[in-house]
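1. Any chance you can model this:
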Amino acid sequence: MQQLAAELRQLDSCMVMNLPEYGDFLVIPIKSSTRFWGVMGVKIERSTYEEGRHWFVKQLYFLSELCAVILERHQLERIENQLMIIEEQNRIADEMHDSVSQYIFGIVYAVHSLSRKWKDISTDQIKEQLQIIQESSVAASQELRSTIYSLSSRKNGGAFWITTVKSHLDSLSKLHAVKVTLNVTGDDHGLQVNYQKALFRIISEATGNAIRHGRSSHIKVDLSMKTEEVRLSVLDNGSGFSVTERLSDPKVSGLGVSNMELLVHSFGGTISIQSTKGKGTHIQVTLPSGNQDKKEQNELQLMG
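-> Reported below is the predicted structural model:
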């Protein structure tokens with residue numbers, strides 16, 4: 001099995017492989033510029049394969065490249081999330097070192113000093129030292145609570161997710177020398193994680209298409225979050241296209257538009273794509289917010 005795995009890693013093109021007890025398979029490696037992901041294959045009959053060999057190979061090459069792109073994107077998103085977590089951990093560590101730890105050190109030193117000389121000082125001096133220790137303890141407690149408070153996306157309005165979106169758009173802007181503006185209204189502290197992921201994917205796809213295919217120089221992203229719904233608008237000044245032609249031909253529309261539509265519809269939402277050649281594209285998405293369901297459940301519980 002290890003020898004077989006090593007052989008598969010060396011593959012650069014399609015090949016027919018016989019697996020005992022399973023039969024013949026047409027296999028192809030899934031590779032990207034950075035790593036080997038694995039292999040994929042389809043079981044074949046020799047007679048059928050010889051007749052449609054070109055079609056089989058062409059389809060496998062397409063699926064292999066598609067899988068590599070998806071896996072690479074997933075890996076990059078995972079790495080980006082890890083880096084953001086590490087950055088946040090370092091920020092928290094610095095804050096605690098600069099504030100809380102200093103108060104704690106002062107308290108420990110004051111208690112140690114007082115325990116050594118409390119017999120030699122007056123009652124008033126002891127009270128004064130204890131007052132200082134108490135004030136330092138309160139200050140340390142407040143600093144600690146402030147740090148914990150800043151960690152909670154539910155308490156600080158979910159700024160961490162919005163920061164992630166803004167960071168992605170800023171990177172996109174710098175990488176492609178494109179002006180990208182983000183306007184956010186409403187509070188996303190109750191926005192469920194699956195909504196956050198879906199909106200991030202739609203924003204990434206829409207802005208990416210505006211740059212890659214529309215050659216836009218300015219993209220405007222508006223995100224409005226309300227209790228009953230979430231509205232997203234992505235407007236660009238790119239080359240535009242014929243919506244009818246693009247959506248009617250899967251080869252032209254590609255997977256991006258289809259994926260956005262499927263994603264929006266899976267949440268029971270609506271998506272509108274308006275575009276004119278030479279005048280840019282406007283994508284509008286409306287998703288019913290999951291917060292409304294929670295609100296109704298809470299109201300029913302109170303009524304019960």
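2. Give me the pLDDT for the residue lying farthest from the centre of the chain.
-> Distance to the chain centre peaks in the chain at Asp120, reaching 62.0 Å (criterion: C-alpha atoms, centre = their mean). Looking at Asp120, its pLDDT is 86.
3. go on, Glu88?
-> Glu88 is given a pLDDT of 69.
4. Equivalent analysis for Arg231, please.
-> If you check Arg231, the pLDDT there is 95.
5. Tell me the bridge partners for it.
-> Under the criterion DSSP bridges, Arg231 forms beta bridges with Ser224, Thr286.
6. Hmm, Val221 and it touching each other?
-> No - Arg231 is beyond contact range of Val221, at 11.5 Å (criterion: C-beta atoms under 8 Å). The C-beta positions use only the backbone N, C-alpha and C, and glycine is treated the same way.
7. ok, those two, which is more surrounded?
-> Neighbour totals were compared for Arg231 and Val221, and Val221 leads with 22 against 16 (other C-beta atoms under 10 Å).
8. quick one: the helix or strand hosting that one to chain centroid distance?
-> Per DSSP states H and E: Val221 is located in strand 218-225. The chain centroid and the centroid of strand 218-225 are separated by 17 Å under C-alpha atoms, centre = their mean, to the nearest Å.
9. Could you do stretch 257-274 as well?
-> 18 Å.
10. same check, this time on stretch 163-176
-> With C-alpha atoms, centre = their mean as the basis, stretch 163-176 stands 12 Å off its chain's centre.
11. What spatial separation is found between the spatially closest residue to Thr270 that is not a sequence neighbour and Gln75?
-> Using C-beta to C-beta, 6 or more residues apart in numbering and skipping residues adjacent in sequence, the residue nearest Thr270 is Thr286, 5.0 Å away. Using C-beta to C-beta, to the nearest Å, Thr286 is found at 31 Å from Gln75.
12. quick one, which of these two is more surrounded?
-> Higher neighbour count among Thr286 and Gln75: Thr286, with 17 against 14, using other C-beta under 10 Å.
13. was I right about that one contacting Val230?
-> Yes - counting by C-beta under 8 Å, Val230 is a contact partner of Thr286 at 7.3 Å.
14. residue contacts, Asn18?
-> Asn18 makes contacts with Asp24, Phe25, as judged by C-beta atoms under 8 Å, 6 or more residues apart in numbering.
15. List the contacts of the residue nearest to Ser242 when sequence neighbours are not counted.
-> Closest residue in space to Ser242, ignoring its immediate chain neighbours: Lys277 at 6.4 Å, by C-beta to C-beta, 6+ apart. Taking C-beta under 8 Å, 6+ apart, we find Lys277 in contact with Ser239, Gly240, Phe241, Ser242.
16. likewise Gln125?
-> No contacts exist for Gln125 under C-beta under 8 Å, 6+ apart.
17. where's it, which helix or strand?
-> Gln125 belongs to helix 123-151 when assigned by DSSP H and E.
18. Which SSE is immediately downstream of that helix?
-> Reading on from helix 123-151 to the C-terminus, the next helix or strand found by DSSP H and E is helix 159-176.
19. tell me what that following helix is packed against?
-> With contacts taken as 3 or more C-beta pairs under 8 Å, 6 or more residues apart in numbering; DSSP states H and E, helix 159-176 sits against helix 53-98, strand 179-186, helix 193-212.
20. Could you give me the buried positions within that helix?
-> Using 16 or more other C-beta atoms under 10 Å as the burial criterion, the residues of helix 159-176 that qualify are Phe160, Trp161, Ile162, Val165, His168, Leu169, Leu172, Ser173, His176.
21. What of stretch 257-277?
-> Buried-residue list, stretch 257-277, by 16+ other C-beta under 10 Å: Val257, Met260, Glu261, Leu263, Val264, Phe267, Gly269, Ile271, Ile273, Ser275.
22. tell me the average confidence for it?
-> Rounded mean pLDDT across stretch 257-277 is 88.
23. go on, stretch 25-43?
-> Stretch 25-43 shows an average pLDDT of 83 in the prediction.
24. which of the residues in stretch 19-26 are buried?
-> Within stretch 19-26, the residues that count as buried by 16+ other C-beta under 10 Å are Asp24, Phe25, Leu26.
25. no no, stretch 132-141
-> Residues of stretch 132-141 classed as buried by neighbour count (16+ other C-beta under 10 Å): Ile133, Ser136, Ala139, Ala140.
26. Same check on stretch 276-290?
-> Buried residues in stretch 276-290, counted by 16+ other C-beta under 10 Å: Gly280, Thr281, His282, Ile283, Val285, Thr286, Leu287, Ser289.
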